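Chemist: how does the following fold in three dimensions:
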Amino acid sequence: MDRIDSMRAFVVAVRATGFAAAARELDVPRSKVSKQIRALEDELGVQLLMRTTRSLHLTEAGTGFYEAALEVLDAFDEAGEQARAGAGQVAGVLRVNAPVSFGIDVLGPLVPGFHALHPDVRLQIHLSDALLDPVAGGFDVTIRIADLVDSSLVARRLMPAERVLVASPGYLRDHGVPASPDALATHAFLNYGCMQGGVTLPLSRGGETVRVSTDGPVVADNGDLLATLAEADMGIALLPRFIVQRALDAGRLRVVLPEWSTPPIAVNALYAATRRVPLRTRRFIDFLAGQLDPHADG
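Modeler: Below you'll find the model as predicted:
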């Protein structure tokens, strides 16, 4: 039995909550994952997983072994990376989680450049607008666009994320152009479902700050969808500029209340602070920071 491969199968199965999902991630037959974990349990003489037809659950022994296995695999992978780095190679699987719009509009165009620099790194990119747990999800790098709260994760700022209020010329023609933040309360607003503070917007101009309640026909958790609805004359939306810049340049959207701004947020790369950071992870984050904002804090 290859203990490293068996440990890896166990860790991935726990993280993926199933043998089938682990087999897909490891690109091996499901039966192989099951046999590896069974052999590991036989060698240890303890049951690591409770299996049902629909799920896996760690036993008490399995919980302790899972944490230890993570450390062993980290050390093994790091040793391999150091050896390859000494030979000028960066390799391995890099699991990345990012919001859908950012992944398509910003990350996607950068991937070919990173691949050209590090062709032996295999990227597994998971796009989701849900706030997934980076550690539980097994992600090496998680991209977040937000005002971050305190956590056990390390954050590397990649770029500012300016947000602008936008609406279509048709909507503004039919409903009027808001002259002040208070006027937003009388307009149809396309709210972002994951926005902190719900439908109350803080807006600032100089030293003046106001909070405006907004409401409208649609709440969604994807910026590209909201931009599409704004272009269809459905209302006003607050969106990152990188999502709407092309529509602004083409005249399909216009900035509303340009002298007012929302609290600044940034695009951040998050990674676990308690585990060794693989070289491929560091190289990927450094690459993103250099491409997105050469002056970003390291």
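
Chemist: tell me where the stretch 151-298 of the chain is predicted with low confidence.
Modeler: 151-152, 194-198, 273-276, 294-298 (pLDDT under 70).

Chemist: would you map the strands across it?
Modeler: Applying DSSP state E, counting those that start in this stretch to the stretch 151-298 of the chain gives strands spanning 153-160, 163-167, 188-192, 200-205, 208-213, 215-220, 236-240, 254-256, 266-272.

Chemist: for the longest one, enumerate the helices and strands it packs against.
Modeler: The elements that strand 153-160 packs onto, with contact taken as 3 or more C-beta pairs under 8 Å, 6 or more residues apart in numbering; DSSP states H and E, are strand 141-146, strand 266-272, helix 279-292. The way it works is simple: take the backbone N, C-alpha and C, and place the C-beta from them, glycine included.

Chemist: and the residue nearest the centre of this structure?
Modeler: A98 (2.5 Å; C-alpha atoms, centre = their mean).

Chemist: that one reaches L127, doesn't it?
Modeler: Yes - look at A98 against L127 with C-beta atoms under 8 Å: they come within range, at 5.8 Å.

Chemist: so which residue of the chain lies furthest out from the middle?
Modeler: What lies farthest from the middle of the chain is G45; by C-alpha atoms, centre = their mean that is 38.8 Å.

Chemist: need the phi and psi values for that one.
Modeler: phi 80, psi 20 (degrees, to the nearest 10).

Chemist: burial count for the residue nearest to E25 when sequence neighbours are not counted?
Modeler: Residue nearest to E25 in three dimensions, not counting chain neighbours: V12, with 5.5 Å by C-beta to C-beta, 6 or more residues apart in numbering. V12 has 19 neighbouring residues, counting by other C-beta atoms under 10 Å.

Chemist: contact partners of the helix or strand hosting V12?
Modeler: Assessed by DSSP states H and E, V12 sits inside helix 3-16. Contacts with helix 3-16, where a contact means C-beta atoms under 8 Å, 6 or more residues apart in numbering, come from 19, 21-22, 25-26, 28, 32-33, 36-37, 39-40, 43, 48-49, 56, 58, 62, 65-66, 69-70, 72-73, 76, 136-138.

Chemist: of the residues you listed, just the buried ones, ChimeraX syntax please.
Modeler: Those of these that count as buried under 16 or more other C-beta atoms under 10 Å are selected in ChimeraX with:
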select :19,21,22,25,26,33,36,37,40,48,49,56,58,62,65,66,69,70,73,138
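
Chemist: mind listing what V166 touches?
Modeler: Residues near V166 by C-beta under 8 Å, 6+ apart: 227, 230, 236-239, 244, 247-248, 253-256.

Chemist: hang on, the earlier thing: what residues are up against the nearest residue to the residue nearest to the centre of the chain once chain neighbours are set aside?
Modeler: In space, A98 comes closest to I143 once its chain neighbours are excluded; the distance is 3.9 Å by C-beta to C-beta, 6+ apart. Counting by C-beta under 8 Å, 6+ apart, I143 makes contact with V96, N97, A98, P99, F102, G103, L107, L158, V267, N268, A269, L270.
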